[in-house]
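*Asks:* what follows is a predicted structure for the sequence shown.
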Amino acid sequence: MLNRRGFLKIGGATAFAALFGGCERLPKTLVPFVIPPENYALGESLWYASVCRQCPAGCGIVVRNSEGRAKKIEGNPLHPVNRGKLCARGQAGLQALYHPERLGTPLKLDGPRGSGKFREIPWEEALRLLMTGLSGVRAEAPTALLMLTDPMRGHRNLVSARFMKAFGSPHRVAWDPFGQDAHLSANEAVYGVRDLPEHDLAGTRYLLSFSGDFLETGVSPVHFGHAYGRMRAARPTVRGKFVHFGPRLSMTAANADAFLPVAPGTEGYAALGIAHVMVREKLTPAAAAAGGLWNAGLKEFTPQAAEEKTGVSAADIEAVAREFGANQPGLAMAGDAAAACTNGVFNLSAVGLLNLLAGNVGKPGGISFPDRLAAFASFGAEAKLLLPAAESGYPAVRDAVERMGKGKFRMALLSGATNPAFTLPPSLKFEEALLKVPTIVSFASFLDETTSLSDLVLPTPTYLEEWGDDLPPAGHGGEAITLGQPVVTPFRDTRSMPDVLIAAAKELGGPAAAALPWGSFRECLEKAYAGRGIDLEEAHKNGGIFSGKAGATRPAPKAGSPALPKAAEAAFAGDPARYPLVLHVYPSSALSDGRGANLPWLQELPDPIATAVWRNWVEVGPKTAAALALSDGDGVTVSSPFGSLQAFVFVHPAIAEGVAAMPLGQGHSRYGKYAADRGGNPYALLPASVESATKAPARHATRVSLVKTRMKGALVRTVHPEGQWLYENIL
Ligand code: SF4
């Protein structure tokens, strides 16, 4: 009989023996269902707690298993990040699990490199090929091994870090197209802490948002959605007000009491205009005490000066400043569009200044920096490897591309959903450089643009079938560890990446075997948590360990007047005469950075503003459309100095004029049948520009032209936006 422990064992067992010899296989013989296993009580459901990995937020989930199948995913009510809630992408996890194109057998290249032609091979042969490659590189040049993944955390990251260190290569690169580099640098400059903060949305009275689509995408959308609901409705006498500045009316902006369209990259000037009024009129005690700012240059940033830069009227800026001052605790937040400009650190530092002037740093309803590392000190010297890495990794990726191009790497190990061949600007020539690496091995559940370039693909389980742990980046205020476990018996012949690395280290022997001393990744987790006195099986019932224990809140309040951020203009590539519009690309609320494009439910999920599905569209304002003689639904060629694609025009009244906005996510060439033939990839329009202070990618840094073009078909929309949004009603 299969009991609970047995079930989980099948789900997670990938010991050395299972990988390298006498492979443990799932039973294939048909048996009568006379004595059903205890999990399979017909008609009854079992719920297993685990972790969602559809985006990096790390929400807790509970999955209903009935008759051995995962039937429904919900939010884990005990989890401090998402408190029982789940977004559409989280729900779509079932489609990843049961996807017909999921890899279930290792694949060996069977054609020219990059052709995407593979043949299936047994695991024994695949692992032999892997070991041949690894052994050869280690014997001759260990530093010629590259590991390129998405940002990992928890013990998955620890295993990878130990493997590469023991192997002898420093080239472990993690790529995140939506990394938080500018936020880290701005936080360091403004608050003295190089970390991501906790924003107490639920407790604030007045929220100022600058281009942060926090209800749809970003660091933790479900957490922010829940907190936002509480800010608006959970207090008997206070309904928090929300004012949003941004280049377009996102779903987040549509939830605001007031939406003020700003020219892209000018968010910092809007914030300084507000700061000017706060200090001039001594609107809060902290603003009154910040008189030094005035002579440091703040007096130049008048609301009129802000109007000239941003397009927001001086009267609106004055009104917002006075309301913000009168409604404390208040909170100012900035998001990706303000960060991913060439002047991102300036924009974010200016927004941070508003929190200092509000006097709500480290206070309820404001912004705080719990000392994460202190909260996880019981994990010892390697605790940092478990915590979320907020950097994009772009400088390291560019360095790796350069080295690949010069033939410095002999082998590359690839893993992760961030799909660099799709998400990096084509001008970086990532694909061309990668193909110069003699041996490319991918760990993947699906073939995408990056994994298709491999010589060998090792199929991995989905997150619903494997063991793991995760430390979410935001929304818990202290110690929160989400535990992942198999919620179904795996039904493909897959091996998790940490299990393969552990087994490979054993084969390599020496320091590698000593650094990864476990029989499996499950054993690694069991030993790590047993060492902290935690009963892992018990903790799995709750879905994690949520003590909420926080290290001291940083920073200690600084003496003296805050510094004025050094103003910087956003730069945009392309001659304005030839490319008249500024391109604003944003992660799709359904497809995210593109990773969700292979799931039919997410393809069918209407965009919350455009109500469109399946194709590319480009959003422009009515005056911009009229100036270009374009109408809603027209086909256009969108061209930047770096590439072009075709899209349908979506005319919307609530977008800054002179801006062309496009969601990311479509335009895949190698991501299966559901992602195919959906138009072009907007990443291909982007320059390799960087934020000036951090050298992180600057997505909002190019101009485009729109030229009317005949296109097949039409953009499918669930409703027409006219009649829903009237410009006069929004402002
Ligand atoms: S926010 Fe991210 S982690 Fe949370 S449910 Fe949605 S996709 Fe999953």
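*Replies:* Yep, that arrived.
*Asks:* would you mind listing what in the stretch 601-731 of the chain touches the ligand?
*Replies:* Taking Cβ under 6 Å from any ligand atom as the criterion, the ligand has no neighbours within the stretch 601-731 of the chain. Just so you know, the C-beta spots here come from the backbone N, C-alpha and C atoms, and that holds for glycine as well.
*Asks:* the spatially closest residue to residue 290 that is not a sequence neighbour and the ligand: what is the separation?
*Replies:* Using Cβ to Cβ, 6 or more residues apart in numbering and skipping residues adjacent in sequence, the residue nearest residue 290 is residue 561, 4.9 Å away. Distance, residue 561 to the ligand, by Cβ to the nearest ligand atom, to the nearest Å: 39 Å.
*Asks:* please apply the same query to residue 246.
*Replies:* From residue 246 to the ligand the distance is 20 Å (Cβ to the nearest ligand atom).
*Asks:* and if you look at residue 528?
*Replies:* Distance, residue 528 to the ligand, using Cβ to the nearest ligand atom: 22 Å.
*Asks:* next one: residue 290
*Replies:* 36 Å.
*Asks:* isn't that residue right up against residue 359?
*Replies:* No. Applying Cβ atoms under 8 Å as the test, residue 290 and residue 359 come out as separate, 9.6 Å apart.
*Asks:* so the two - more neighbours on which side?
*Replies:* residue 290 (24 against 20; other Cβ atoms under 10 Å).
*Asks:* what sits against that one?
*Replies:* When contacts are counted by Cβ atoms under 8 Å, 6 or more residues apart in numbering, residue 290 is found next to 279, 356-357, 561-562.
*Asks:* hmm, which of those residues is lowest in pLDDT?
*Replies:* Of all the contacts of residue 290, residue 561 carries the smallest pLDDT score, 75.
*Asks:* go ahead and confirm it touches residue 288.
*Replies:* No. Counting by Cβ under 8 Å, residue 561 sits too far from residue 288 to count as a contact (11.0 Å).
*Asks:* which residue ranges of the stretch 601-731 of the chain form helices?
*Replies:* Along the stretch 601-731 of the chain, counting by DSSP state H, counting those that start in this stretch, helices occupy 622-627, 727-730.
*Asks:* which residue packs closest to residue 329, ignoring adjacent ones?
*Replies:* Counting by Cβ to Cβ, 6+ apart, the residue nearest residue 329 is residue 365, at 2.9 Å.
*Asks:* what's the burial count for the one you found?
*Replies:* Neighbours around residue 365, by other Cβ under 10 Å: 22.
*Asks:* separation between it and residue 193?
*Replies:* Relative to residue 193, residue 365 is positioned 19 Å away (Cβ to Cβ, to the nearest Å).
*Asks:* try residue 714
*Replies:* Residue 714 is 50 Å from residue 193, by Cβ to Cβ.
*Asks:* could I get the average pLDDT for stretch 224-233?
*Replies:* 95.
*Asks:* longest helix in this protein, by residue count?
*Replies:* Longest helix in the chain by number of residues (criterion: DSSP state H): helix 123-140.
*Asks:* looking at the nearest residue to residue 126 once chain neighbours are set aside now. What's its pLDDT?
*Replies:* Distance criterion Cβ to Cβ, 6+ apart; nearest residue to residue 126, sequence neighbours excluded, is residue 106 at 3.4 Å. Per-residue confidence at residue 106 stands at 98 (pLDDT).
*Asks:* tell me the contacts of residue 106?
*Replies:* Residues near residue 106 by Cβ under 8 Å, 6+ apart: 120-123, 125-126, 456-459.
*Asks:* nearest to the ligand, of those residues?
*Replies:* Closest approach between the contacts of residue 106 and the ligand, by Cβ to the nearest ligand atom: residue 459, at 22.3 Å.
*Asks:* how about stretch 526-543: buried residues?
*Replies:* Residues of stretch 526-543 classed as buried under the neighbour-count rule (16 or more other Cβ atoms under 10 Å) are 526, 528-529, 536, 539-540, 543.
*Asks:* can you tell me which of the residues you listed is nearest the ligand?
*Replies:* Nearest member of the buried residues of stretch 526-543 to the ligand, counting by Cβ to the nearest ligand atom, is residue 543, at 12.7 Å.
*Asks:* next, the contact list for the closest one, please.
*Replies:* 49-51, 60-62, 76, 78-79, 482-483.
*Asks:* repeat that with 10 Å
*Replies:* By Cβ atoms under 10 Å, 6 or more residues apart in numbering, residue 543 lies in contact with 47-51, 59-62, 75-79, 481-485.
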